[in-house]
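*Asks:* Sequence and predicted structure below; questions after.
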Amino acid sequence: MNARVEALLGWYDRERRDLPWRAPPGERAEPYRVWLSEIMLQQTTVAAVVPYFHAFLASWPTVADLGAAPLDEVLRAWAGLGYYARARNLHACARQVAERPGGRFPDTEEGLRALPGVGAYTAAAVAAIAFDRPATVVDGNVERVIARLFAVTEPLPGVKSELRRLAATLTPAHRPGDYAQAMMDLGATLCSPRRPRCLLCPLQAGCMAAAAGIAETLPRRVAKPNKPVRRGVGYWLTNPEGAVWLRRRPERGLLGGMVELPSTDWTENGPPDAATVAAQAPVAVSWRPLPGLVRHTFTHFHLEMTLVAGNCAATPVTDGFWVPLSRLGDHALPTVMRKLIHHAIK
């Protein structure tokens, strides 16, 4: 076995993190738990995922249970994790796996890649961790470890393929699942983005960046452009019974399939003028502006929203539905909509 791999596995056996989706030492991980955790962990921290992971398992203990659940229930349980296309793909994938012979996941990278929402990274992670396949698992933590280990000074994202190639040279045939998790743990604990603890690292002796004194500067990245700011106006429409008017977003696109307050288009052209607010309103009533501003940041832009409030006894002709304030929690509301609702009723 490669000396680096042997040193890393020895460290992992002593220092491995206790995570709810991991199997005890020496046991094979359950594919459903591995897949669920890996989908949840995309663009999200372990600390944020743990309570969602427990909640999903409590509601849907098996992949068949998840596949049989109504999509709205899954979206509602997912609310707050962000990147809601993942939740829709999660549900579609669970349904597809449940229909396979024995309701089992494919046990190869190729088979896993054919499932909805399963990309190269997730397929490799599930194949290695759940099925002990010698798959090369490269996430952000692993990229950082590899960039430092081999002193790769070219910037991300252009150097991704080279980092993956170098990572593949270390992927072992023996205990590949433990090795993949060891690399993740190393990047999350010792080989951190700032102030890496090189003196404690099991790979320090062979780390080219540590030897050159440049570990903290790697990996290098191309500077990202500033995010644009989009602005819009949300409509807080209530009826005499105290219910609020909601609508569902289109299935495709940002926040696809989620429930929201109606709003104007979100544009970079400055706040919508009064004519636009009136023209895009769900119903023609007397709208009054609510003081204050709600801010939210998406992956590619910042959003600034104001609210206008109105009351209407009739049902608007636009698509949507009335929801009593006490039942808002029954619906899949993304974080930005929760912020707007909190702003309206505070």
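*Replies:* Yes, it's here.
*Asks:* As a check, name the ranges of all helices in the stretch 151-300 of the chain.
*Replies:* 160-168, 176-189, 208-212, 274-279 (DSSP state H, counting those that start in this stretch).
*Asks:* tell me the mean pLDDT for the last one?
*Replies:* In this model, helix 274-279 has an average pLDDT of 96.
*Asks:* could I have that helix exported to CSV, CA atoms only?
*Replies:* Extracted C-alpha coordinates of helix 274-279, given in CSV (Å, rounded to 0.1, in the frame of the first residue of the first chain):
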residue,chain,number,x,y,z
ALA,A,274,-45.5,52.0,-9.1
ALA,A,275,-46.8,51.2,-12.5
THR,A,276,-44.9,47.8,-12.6
VAL,A,277,-46.1,47.0,-9.1
ALA,A,278,-49.7,47.6,-10.1
ALA,A,279,-49.4,45.7,-13.4
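*Asks:* and that helix, which residues are buried?
*Replies:* For helix 274-279, the buried set under the neighbour-count rule, 16 or more other C-beta atoms under 10 Å, comprises Thr276, Val277. Yep, even glycine has a C-beta here, placed from its N, CA and C like the rest.
*Asks:* Stretch 118-133 too?
*Replies:* Across stretch 118-133, burial judged by 16+ other C-beta under 10 Å covers 118, 121-133.
*Asks:* can you list contacts of it?
*Replies:* Contact partners of stretch 118-133, identified using C-beta atoms under 8 Å, 6 or more residues apart in numbering, comprise 28-31, 34-35, 38-39, 42, 93, 105, 107-110, 112-113, 134-139, 175-177, 179-181.
*Asks:* if you set the cut-off to 6 Å instead, what comes out?
*Replies:* 29, 31, 34-35, 38, 107, 109, 112-113, 135-137, 139, 176-177, 180 (C-beta atoms under 6 Å, 6 or more residues apart in numbering).
*Asks:* what's the answer for stretch 211-231, then?
*Replies:* For stretch 211-231, the surrounding residues in contact (C-beta under 6 Å, 6+ apart) are 144, 147-148, 151, 155-156, 196, 198, 209, 266-268, 271, 301-304.
*Asks:* quick one: average pLDDT of that stretch?
*Replies:* Rounded mean pLDDT across stretch 211-231 is 95.
*Asks:* and for stretch 30-49, what are the contacting residues?
*Replies:* Under C-beta under 6 Å, 6+ apart, the answer for stretch 30-49 is 21, 52-53, 63, 83, 86, 90, 105, 122, 125-126, 129-130.
*Asks:* What is the most widely separated pair among these?
*Replies:* Within those, two members stand farthest from each other by C-beta to C-beta: Tyr83 and Ala130, at 22.5 Å.
*Asks:* which SS class is the closest residue to Pro289 other than its chain neighbours?
*Replies:* Nearest-residue entry for Pro289: Val308, 5.3 Å, with adjacent residues in sequence omitted and distances by C-beta to C-beta, 6 or more residues apart in numbering. Under DSSP: H, G, I helix; E, B strand; the rest coil, the three-state class of Val308 is strand.
*Asks:* which stretches of the stretch 151-300 of the chain form strands?
*Replies:* Ranges of strands in the stretch 151-300 of the chain, per DSSP state E, counting those that start in this stretch, are 229-238, 243-248, 259-260, 288-297.
*Asks:* To Trp11, which of those strands lies closest?
*Replies:* Proximity to Trp11 (C-beta to C-beta) singles out strand 288-297 among the strands of the stretch 151-300 of the chain, at 36.3 Å.
*Asks:* which helices and strands does the closest one pack with?
*Replies:* The helices and strands touching strand 288-297, judged by 3 or more C-beta pairs under 6 Å, 6 or more residues apart in numbering; DSSP states H and E, are strand 302-311, helix 335-345.
*Asks:* Ala313: what's its closest spatial neighbour, skipping adjacent residues?
*Replies:* Per C-beta to C-beta, 6+ apart, closest to Ala313 is Pro240, 5.6 Å.
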